[in-house]
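Trainee: model this:
(chains A and B)
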Number of protein chains: 2
Amino acid sequence: MLRRYVHITPMTIDKFINERSADVLEELCAFLRIPSISTSPDHNDDCRAAARWVADHLKSVGCERVELLANDTHPVVWAEGPTVPGKPTILVYGHYDVQPPDPLELWDSPPFEPTVRDGNLFARGATDDKGQVFAIVKAFEAVMGTGRPPVNVRFLVEGQEESGGEVLTELLQRDPERVAADAVLVADMPYYAPGWPAIYTALRGMCYCDITVRTLEGDLHSGLYGGVAPNAHETLVGILAGLKSSNGRIRIPGLYDMVQRPPKVERDAWKRLPFNERRYMKTEVGAKALTGLTQYPPLERTWALPTLEIHGISGGFTAPGAKTVIPAVAGAKVSLRLVPNQKAKKVETLLRRRVKELAPSYAHVSVDFIHGADPVLADVTAPPFDRIRQAFREVEGREAVPIRSGGSIPIVPALGVKKAPVILTGIGLPDDRLHAPNEKISLEQFWKGVRVFGRFFQLMGE
Amino acid sequence: MLRRYVHITPMTIDKFINERSADVLEELCAFLRIPSISTSPDHNDDCRAAARWVADHLKSVGCERVELLANDTHPVVWAEGPTVPGKPTILVYGHYDVQPPDPLELWDSPPFEPTVRDGNLFARGATDDKGQVFAIVKAFEAVMGTGRPPVNVRFLVEGQEESGGEVLTELLQRDPERVAADAVLVADMPYYAPGWPAIYTALRGMCYCDITVRTLEGDLHSGLYGGVAPNAHETLVGILAGLKSSNGRIRIPGLYDMVQRPPKVERDAWKRLPFNERRYMKTEVGAKALTGLTQYPPLERTWALPTLEIHGISGGFTAPGAKTVIPAVAGAKVSLRLVPNQKAKKVETLLRRRVKELAPSYAHVSVDFIHGADPVLADVTAPPFDRIRQAFREVEGREAVPIRSGGSIPIVPALGVKKAPVILTGIGLPDDRLHAPNEKISLEQFWKGVRVFGRFFQLMGE
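Mentor: Here you go, the predicted structure:
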């Protein structure tokens, strides 16, 4: 009885790959050819086309109910496989939209003409996220066997991940039953290194704000008023300089009170990861020194400590040549990455308070919240994590390492409806150049993905 | 014998004005209609046309030798009146080029269609400098009388004052005899206030630099590298914050050593000028406080103390929305206004040294000198100053006040060939809006200018 639903073996997945690999690659290329750039309204038709493509494809591989939800320009694809009574439900999350491909001249082959070179498939979206979500779809197809998968599978493939759309969050809140699951699979992440699969135990959150300073009714001429007129850039520079010490500590009172340091066992595991600090600094970061809170190791600084960055400063005169303006208005884009247990809204309040405290009384200073995301901390002791670890062990021959990501995926907290564990993993590689020219996916990794996710479905059904 | 060359009386100037005022206004409007914007190559033809207009006009009012010098696109107009043996020579400096008129939509009448409203003539260049230099030309015409002026007069009217052209400086160095004079008259300045004519005893100098910081080989994503990657804007902000204290003191070692404070008698004279600090702050500066070295009075801060301004900061991401880039490169435009005895080249060296001192070792920081000007200090005890003061006294009924300008006119030091005293004055008003929309000249001031400069020519010939 126990193995009743295990109607397919690991061998079956290999057979699927052996027989169908050329077709699968052609299908993936068709998906990648659609320039579904969600940040540009010029590509709304392409986004709709990509959504329809995904919906049609899910139907063709055996999904019984397929719907386009939420909005007309960037519909969310929702689909459900055949009902398998008594078996758990997996919700697969992915996105069909991609980043803009600029600067085009840095691509070695056109971003929307998928091209294979040296075992890699180059295209915008190859790894983020079309290639990864397609590996899961093919895994589902591979384990369908006699027309019935080993578990209940639901797909949720959205089209505004790259453009910060909040339509999906609203959908999840409005209709939680539609996405209820025993586990959520999000495969939008890379391995730690080639040969080193990773399960992500946490993501950093985000608090992104615009700081605007006004010191004068209008710009003035420095010949006439230099010496008496408050300069908006000088005021802004004073405020920004007051937000961080030269030793990398963020000077926002209360900010570190909320920080929950990773347990020692987790930090010890990170120390065993292959990591060459000198090579990381020189070839990956491209700097002469690593900065920040240098009393902590680099991986802890990027994965588990908050940071504050200035992204740009506007106002005044920045064209070539000389103009002797005293600027009336200056603006800075600033964001903080947040770690468990910080909350975006609370950090916004602390930042706002600190900026006001640093601002001289003659300046009008405003802090505008642009967007935010709470950090994510996964309880990787939940049973579905054992299944994905086993799948990686079988396919890769190595234990998946528990690591974190310094980035943010704002949708993740909302995906875990009714406390369903959210598995953050993926089959990308660190050099996949997502968001950059020459984005690619390793074909070897893609096929590993079909195996790993197929095995995960099987193991969840046992 | 003493009065032999005084062949014309103050009454004659008034007669000229009474009889010719309509024609003169029409001539000035013709000059103002030429859009001789020197900062835009699209207007090279207009600049040539303006130069020819000035040359033809000077010939028509009695100049015997008129030449276009130096270059083809923005020629310098050089002209000489009839030789008057035994009399001193006055060199008149002015410029026919104007600032761009943008933003056009803020003009109440088109910038190159001169329009009279409420006793003011509105047009780009009305006060800076076409209207002012034209008042001197008409003064010259008024005192020509029987065809011979009371003194030798030379005109030098250039076309690259607003675009920082250095052609005139080279010309002055190459051919100093052509511009040799007993006094130089520069009428490019405003009264201290309506009814308060001014003789400028000093101008501030200028040291304008671009500071560029590079911390990374390329921009990075703050999700991946926030916490270890040095942020170019953070480094730049640290440097800029280190250049000035919050109390307004410039923190460049050695900078104040060179400052020569104005003599007490001069500072005492400033205290007697009408000056309402509160109104100045609110309506003129448009700020909630006056900043800088507040232990010194505002006029001393703008006229006789150095200042450092940030004009703009470039690099990174400044468009609407959120992009989580760690910028690799950041640039700031910074300038210092200099006072007697500071030298632009020396200040550049001090600034460069200080910036390097403030820069962390991992950052590549460069300081590029964009342009500079040494400050000017006039010896207003030289005899020609008595003549211009007398002219103002007679025409305005009030003593011209000895004040300074916080601005810079880079050509001024070069004009005083063989130590000829340079008289910096003018008949503009502080609200003439030079470089801004709705630039104007008061017609009453213009006619006062014809009288004052005419009397100056006469008095110099006595």
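Trainee: Surely A:Ile211 is within a strand?
Mentor: Yes - using DSSP: H, G, I helix; E, B strand; the rest coil, the secondary structure at A:Ile211 is a strand.
Trainee: Identify each of the helices in chain A and give its residue range.
Mentor: In chain A, the segments counted as helices under DSSP state H are A:10-32, A:44-60, A:130-143, A:167-174, A:222-225, A:232-241, A:264-271, A:277-279, A:298-304, A:344-358, A:383-396, A:412-415, A:443-461.
Trainee: now those in TSV, with mean neighbour count, mean pLDDT and distance to B:Glu309?
Mentor: Bear in mind the C-beta positions are built from the backbone N, C-alpha and C, glycine included. TSV is the format used below for these (neighbours: other C-beta atoms under 10 Å in any protein chain shown; pLDDT from 0 to 100; distance: least, C-beta to C-beta, whole Å):
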stretch	mean neighbour count	mean pLDDT	distance to B:Glu309
helix A:10-32	16	92	51
helix A:44-60	19	97	45
helix A:130-143	27	97	50
helix A:167-174	16	87	45
helix A:222-225	24	94	5
helix A:232-241	25	98	8
helix A:264-271	13	95	47
helix A:277-279	10	97	41
helix A:298-304	23	98	36
helix A:344-358	17	98	20
helix A:383-396	19	97	58
helix A:412-415	20	90	46
helix A:443-461	24	97	54
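Trainee: possible to save the ones you listed as a markdown table with distance to A:Gly94?
Mentor: Below are those laid out as a markdown table (distance: least, C-beta to C-beta, whole Å):
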| stretch | distance to A:Gly94 |
| --- | --- |
| helix A:10-32 | 11 |
| helix A:44-60 | 9 |
| helix A:130-143 | 3 |
| helix A:167-174 | 12 |
| helix A:222-225 | 54 |
| helix A:232-241 | 38 |
| helix A:264-271 | 27 |
| helix A:277-279 | 32 |
| helix A:298-304 | 23 |
| helix A:344-358 | 24 |
| helix A:383-396 | 16 |
| helix A:412-415 | 11 |
| helix A:443-461 | 11 |
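Trainee: who touches A:His364 in this structure?
Mentor: Contacts were defined as C-beta atoms under 8 Å, 6 or more residues apart in numbering or on different chains; by that measure A:His364 touches A:213-215.
Trainee: Now narrow the residues you listed to whatever sits close to chain B.
Mentor: When the contacts of A:His364 are checked against chain B using C-beta under 8 Å from any C-beta of the partner chain, the ones in range are A:Thr215.
Trainee: circling back: dump the helices of chain A into JSON lines; add distance to chain B as well.
Mentor: Written out in JSON lines, the entries for the helices of chain A read as follows (distance: least, C-beta to the nearest C-beta, whole Å):
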{"stretch": "helix A:10-32", "distance to chain B": "22"}
{"stretch": "helix A:44-60", "distance to chain B": "18"}
{"stretch": "helix A:130-143", "distance to chain B": "17"}
{"stretch": "helix A:167-174", "distance to chain B": "16"}
{"stretch": "helix A:222-225", "distance to chain B": "3"}
{"stretch": "helix A:232-241", "distance to chain B": "4"}
{"stretch": "helix A:264-271", "distance to chain B": "14"}
{"stretch": "helix A:277-279", "distance to chain B": "9"}
{"stretch": "helix A:298-304", "distance to chain B": "4"}
{"stretch": "helix A:344-358", "distance to chain B": "10"}
{"stretch": "helix A:383-396", "distance to chain B": "22"}
{"stretch": "helix A:412-415", "distance to chain B": "13"}
{"stretch": "helix A:443-461", "distance to chain B": "19"}
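Trainee: so which of the ones you listed gets nearest A:Trp107?
Mentor: Distances from A:Trp107 to each of the helices of chain A were compared using C-beta to C-beta; the minimum, 13.2 Å, belongs to helix A:10-32.
Trainee: Measure how the closest one sits relative to helix A:130-143, angle-wise.
Mentor: Counting by axes from the mean of the first three to the mean of the last three C-alpha atoms, to 10 degrees, helix A:10-32 points 140 degrees away from the direction of helix A:130-143.
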